[in-house]
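J.: Have a look at this fold, sequence not included:
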Ligand SMILES: CC(=O)N[C@H]1[C@@H](OP(=O)(O)OP(=O)(O)OC[C@H]2O[C@@H](n3ccc(=O)[nH]c3=O)[C@H](O)[C@@H]2O)O[C@H](CO)[C@@H](O)[C@@H]1O
């Protein structure tokens, strides 16, 4: 008899795909087979998945994208996707289906509901996304990455945490070197896509720091491709040692090396910071659905692990002030690093896998 199969339905950005990848890795380690159900856009993010994970590309569509004609086609595409997923499920007979949100998760989740297959959802953020809201009452279990999460009436969530990549786990709780009279690494990341607002404010804020901090800075700054040259030129002119790239593949090592991280508060970014344990200044993405990045940030800020600056209050001055506070107070910075660890869930993938297996047996 072949090993049981989990189908993981996810798509969109790295924010949905990294936790999905982490669950796939955990299920494979437990002797299961794993399949990723996503659309063509999600498949582009699937490179990091282990080779053993089969990728099923189903048609999907996001209403937020495209013009009127493209939007009118959304229900047809999703129905077509669900038909494909149904055919695949009849053939593969998955033991459980796990949805991670995003429109590309719809076809597989709809097919799982129609076929009454055991199923669960993992919501990464402190506020539910649209797709997870639709399926929240139609699943056997609802796992939350962020706690607390605002849930619809009648839905009980289980706090498992956000699964992080193996490269993050390898650095879990690695010793923090507090800021001081030595080279100090500041990591600037804007989530999987980069963030223009960080490129517009962080370089100037770091340049405004007192000279005894500034001359020790070693900056790694993720900038969107169109901003990279300007950001690089600014750091050069300001005499600050900086590496500027559209995406850092080695972010786990860079978080571990950092004295301070300045970033968005996407769910996986927050989980990465807490598992490794580093102080952060968070700038939640104000346009995120339901302001979920502010909800994500609260886990770290209420523990005293991070300072959060809303976009509406973000200025070069406010950012420089907070960065100076952290970089000139080694004891306070170490305390923030410890506080981050106190809210970490390094066992999130294991808890989620336990839940998936439990659901498969119902
Ligand atoms: C703009 C937007 O809608 N963002 C959403 C998206 O974020 P986004 O896709 O940015 O996701 P996250 O912040 O959750 O994850 C980004 C991941 O990329 C990694 N990283 C980042 C930069 C880099 O150079 N290299 C690198 O490896 C981070 O360490 C992190 O692990 O999905 C998340 C999960 O649903 C949501 O919480 C975010 O609100």
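T.: Received the coordinates, thanks. Everything numeric here is computed off the predicted structure, so don't read it as measured data. Numbers count the residues shown, from 1 in each chain.
J.: can you count the residues close to the closest residue to residue 279 other than its chain neighbours?
T.: Of all residues not flanking residue 279 in the chain, residue 336 sits nearest, at 3.6 Å (Cβ to Cβ, 6 or more residues apart in numbering). (C-beta placed from N, C-alpha, C; glycine too.) By other Cβ atoms under 10 Å, 24 other residues sit near residue 336.
J.: what does the one 3 residues further on give?
T.: If you count neighbours by other Cβ under 10 Å, residue 339 ends up with 19.
J.: That one: what's it in contact with?
T.: Going by Cβ atoms under 8 Å, 6 or more residues apart in numbering, residue 339 touches 300, 303-305.
J.: try it again with 10 Å
T.: Contacts here follow Cβ atoms under 10 Å, 6 or more residues apart in numbering; on that basis residue 339 touches 274, 277, 279, 300-306.
J.: State which one residue of the stretch 51-200 of the chain is found closest to the ligand.
T.: Across the stretch 51-200 of the chain, the shortest distance to the ligand (Cβ to the nearest ligand atom) belongs to residue 191, at 2.3 Å.
J.: Let me know the pLDDT of that residue.
T.: With respect to pLDDT, residue 191 has a value of 88.
J.: Name the SS class of it, please.
T.: Three-state call for residue 191 (DSSP: H, G, I helix; E, B strand; the rest coil): coil.
J.: Quick check: it touching residue 285?
T.: Yes: using Cβ atoms under 10 Å, residue 191 is in contact with residue 285, at 7.4 Å.
J.: Find residues that contact each of these two.
T.: 264-266, 293.
J.: and the residues you listed as CSV, adding neighbour count?
T.: Putting these into CSV (neighbours: other Cβ atoms under 10 Å) gives the following:
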residue, neighbour count
264, 24
265, 29
266, 29
293, 28
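J.: What average pLDDT does stretch 280-293 get?
T.: 96.
J.: Report whether it contacts the ligand.
T.: Yes: counting by Cβ under 6 Å from any ligand atom, the ligand has neighbours in stretch 280-293: 285, 288, 292-293.
J.: where do the strands sit along this protein?
T.: Applying DSSP state E to the chain gives strands spanning 5-9, 33-38, 54-57, 96-99, 119-123, 141-144, 157-159, 184-189, 217-222, 241-245, 260-263, 280-282, 306-308.
J.: What separation do you get for the residue in the stretch 201-350 of the chain that the ligand sits nearest to and residue 288?
T.: Scanning the stretch 201-350 of the chain for proximity to the ligand using Cβ to the nearest ligand atom identifies residue 266 as nearest, at 1.9 Å. Separation of residue 266 from residue 288 (Cβ to Cβ, to the nearest Å) stands at 8 Å.
J.: Any chance you could list residues touching both of these two?
T.: In contact with both residue 266 and residue 288: 15, 125, 191, 296, using Cβ under 10 Å, 6+ apart.
J.: what about the first one, how many residues close to it?
T.: Each residue near residue 15 was counted by other Cβ under 10 Å, and the total is 25.
J.: which helix of this structure spans the most residues?
T.: Longest helix in the chain, counting residues (DSSP state H): helix 74-92.
J.: Which strands or helices does it pack on?
T.: strand 5-9, strand 33-38, strand 54-57, helix 106-114 (3 or more Cβ pairs under 10 Å, 6 or more residues apart in numbering; DSSP states H and E).
J.: worst average pLDDT in those?
T.: Per-stretch mean pLDDT for those is lowest at strand 54-57 (a mean of 92).
J.: Please dump the shared contacts of residue 191 and residue 285 into CSV; it should also carry distance to residue 256 for every row.
T.: Shown next, in CSV, are these (distance: Cβ to Cβ, whole Å):
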residue, distance to residue 256
264, 19
265, 19
266, 19
293, 23
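J.: Quick check: of these, which lies closest to residue 249?
T.: Of all these, residue 249 sits closest to residue 266, with 17.2 Å by Cβ to Cβ.
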